[in-house]
Each structure stands twice: as structure tokens, then as C-alpha cells.
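> below: sequence and its predicted model.
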Amino acid sequence: MTNNDQHVKLESNDAYIWIETPEPFDFMVNLDYLQRNPKECMYDITDGIITRVIDIAGERVLVRIDSPDNRKLRVQFLSDASLPTRKMVVAYIWEWFDLSMDLSGFYEWAQYDPLLNEPVERFYGLRIMGIPDLFETLCWGILGQQINLGFAYTLKRQFVEKYGDAITFEGMKYWSFPSYESIAKLSPTDLSDIKMTIRKSEYIIGIAQLMATGQLAKKKLLSLGDFKQIENALVAIRGIGPWTANYVMMRCLRFPNAFPIDDVGLHLALKQQMGLGRKPTKDEIRKVSVNWKGWEAYATFYLWRSKY
DNA sequence: GACCAGGGGTGCC
DNA sequence: GGCACCCATGGT
């Protein structure tokens, strides 16, 4: 939580907080990823400036993030926040942009990989933009199961606007994700009016209940340590299969070797990069990903970006 | 009206 | 563990 202190100048009366980012980092490339879908409801991006709420243990802080030099992150606080809270907001942003990850080991070989050399050059400085909150990641993963992304964003927006809270600033609403405490109290039919299937409602409410009782928590998962143990613990939960487990380990738990191999987006990107004319089989994917050795999550993320 | 979409559960072998 | 089958719902 404090490993980023050395990169941050923090004084309580500063108008801005600056975050030094490690090489390689390209703010615009990461911003382009965040802007991949106009239906996104968890933040606004206008003229290269991100505005969003960051939830710190129930305290909702509205911030703006930009980067005049495309390298350092500039954070402006639009809500009053104590110094400890500001530090936690910075830690959140640090994690959001995956700034603890040393990418040199990835670029070292990826620039020579026949499927990755193009994406790696085109998106140089891209990091896996994560979802630090476990409940939000799990919900997003389940919402996205077996439906097109456009509809998934619609579902998320309806879910957030019905059960989340908003801060209004200069006429705009900025949302925070619904808490698992509030979702744990719902019954599956409560969500049917926002076009969520009963099955998905059951999954999400069940997970909210596991988190509300403390049986499921990010720290608890991470404390298991071993990759396979964490994956098994996730898959044991109803509604979480191999794809969702690896998706969560990739975007929330920050395992660079997480690999959602069943992902349709990955399949389509590989179809294009491999020039197949059809989606690759699982065996073909296993074959071409042998060299990705421990960087499967980053390989997947760059391939996702490549299919545009 | 097919077919597809950033899958998962269940039952069977 | 691997496989077939069912499940829902909006987009195209």
C-alpha cells in the first residue's frame, strides 16, 4: 500500500498530486483503452481528462486525472479529502494503472513474437488497466459472460444507476459501484427489470452474500498465494468458471500469467493476427501461447487492443 | 429468423 | 477431465 510513496509528492495543501510512472508508460495509449466504449459509466473522459469517483472504504472521493507530459499522472481532488485518504486514492490509481508491474520482461521477447510484435509496437506503454475492487470485477465478469460487449455495458449502466450512488458535479453525475452489502439483500427477481437474466442475478447476489459475510475477500484470496489455489477457490464459487476466474486474476488480482483462454475476444484477435479465416482451436491457442511464459495476461490484453 | 456474443452449470462417461 | 446439452437475451 505504501510502495508508491517514493514516487509521490504529498502535501495536504497541494492543488495537485503528481504520480511518477515507471517506464514504459504512455498515458494516451492507456486513455484510449479506457475510451474503448462510449457507454462506460464508471468514469468520464473529456479532452484527455478522466473524472471519476474513487471509493475509499465507503468515502467517495471525486478526482480528475490527466497527464500534460503524457508521462506523469496529475491528480486533482474535487472533494475534500484528508491526507490519509488522498494517499489511498493515489494507491488506488497506482493499482488501476498497474504501475507496480515491471514490463521489461514482457517487451524483451514480445517484440520478436510473430503475433505480438505489431501490437507491442503500436501500443507501447500500455498497461493492463485494472479494476481494483473485487466485487466490481466479479460483477463485470459475470455481466459479460456470453453476451456482446455493447449489451454488457448497457447492463452495467442500468445496474449501477439503480443500486449505486452518484456525486453530482457541475451538472454531471459520477457514479460509484453498488456495494456488495446492498446487493446481498436483493432477490434475483429484483434485477429482472434491467434485463439481467435470472441466472446472472443469482450469481451476482450469491457473490455479494459471500462478500458480505466475509467468506470472500480480495485479501483473503491473495493470501492463498499460489496461482492454482486462488483459481480453484474462485472456480468453486457458483457463477465463476475458468474464464471469469482468470479474468479476475488478470484485472483485479494482477497475475501477469492469468490466462482467460476461453475468451472470444482473444479468439477473434488471434483469428485476425494468425490470418486464419476462422477462430483458432484451443490446441492452436495453446501452441502459439507456449512462448508467452508467465505473461499470458499482458499478451491477451495487447491482443484485445489489436482487433480494431 | 438465424447466428453470435469477452461462459457457466449440469449430467454423463 | 472431457464432452454434449441446455440456458438467456440483445445485436446484427
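Sure, I can see it.

> strands along chain A, start to end?
A:16-19, A:44-46, A:49-56, A:59-66, A:73-77, A:165-169, A:172-176 (DSSP state E).

> would a markdown table of the ones you listed with mean pLDDT, mean neighbour count and distance to DNA strand B be doable?
In this view, the C-beta of every residue, glycine as well, is placed from N, C-alpha and C. Putting those into a markdown table (pLDDT from 0 to 100; neighbours: other C-beta atoms under 10 Å; distance: least, C-beta to the nearest atom of the strand, whole Å) gives the following:
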| stretch | mean pLDDT | mean neighbour count | distance to DNA strand B |
| --- | --- | --- | --- |
| strand A:16-19 | 96 | 17 | 25 |
| strand A:44-46 | 98 | 14 | 16 |
| strand A:49-56 | 98 | 20 | 17 |
| strand A:59-66 | 98 | 19 | 20 |
| strand A:73-77 | 98 | 19 | 22 |
| strand A:165-169 | 98 | 14 | 23 |
| strand A:172-176 | 98 | 17 | 18 |
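
> dump those to JSON lines, plus distance to residue A:243.
Compiled in JSON lines, those are given as follows (distance: least, C-beta to C-beta, whole Å):
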{"stretch": "strand A:16-19", "distance to residue A:243": "32"}
{"stretch": "strand A:44-46", "distance to residue A:243": "28"}
{"stretch": "strand A:49-56", "distance to residue A:243": "26"}
{"stretch": "strand A:59-66", "distance to residue A:243": "30"}
{"stretch": "strand A:73-77", "distance to residue A:243": "31"}
{"stretch": "strand A:165-169", "distance to residue A:243": "30"}
{"stretch": "strand A:172-176", "distance to residue A:243": "26"}
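
> the ones you listed: which one's closest to residue A:248?
strand A:49-56 (18.3 Å; C-beta to C-beta).

> show me the contact partners of that closest one.
Applying C-beta atoms under 8 Å, 6 or more residues apart in numbering, the contact partners of strand A:49-56 are A:31, A:34, A:42-45, A:60-66, A:78, A:85, A:88-89, A:92-93, A:133, A:167, A:169, A:172, A:174-177.

> what are the phi and psi angles of whichever residue of the stretch 201-308 of chain A sits closest to DNA strand B?
At 2.7 Å from DNA strand B, residue A:241 is the closest residue in the stretch 201-308 of chain A, using C-beta to the nearest atom of the strand. Phi and psi for residue A:241, reported as degrees, to the nearest 10, are phi -110, psi -170.

> so it touches residue A:234, yeah?
No: assessed by C-beta atoms under 8 Å, residue A:241 is found out of contact with residue A:234, at 9.1 Å.

> show me which of the two is the more surrounded one.
Between residue A:241 and residue A:234, residue A:234 has the larger neighbour count (other C-beta atoms under 10 Å), namely 23 against 15.

> OK, contacts around the closest residue in space to residue A:224 that isn't next to it in sequence?
In this structure, residue A:224 finds its nearest non-sequential neighbour in residue A:230, 5.0 Å apart by C-beta to C-beta, 6 or more residues apart in numbering. Contact analysis of residue A:230 by C-beta under 8 Å, 6+ apart lists A:221, A:222, A:224, A:249, A:253, A:255.

> isn't the fourth one right up against residue A:255?
Think residue A:249. Yes: assessed by C-beta under 8 Å, residue A:249 is found in contact with residue A:255 at 4.4 Å.

> so for stretch A:217-225, what gets flagged as buried?
A:218, A:221 (16 or more other C-beta atoms under 10 Å).
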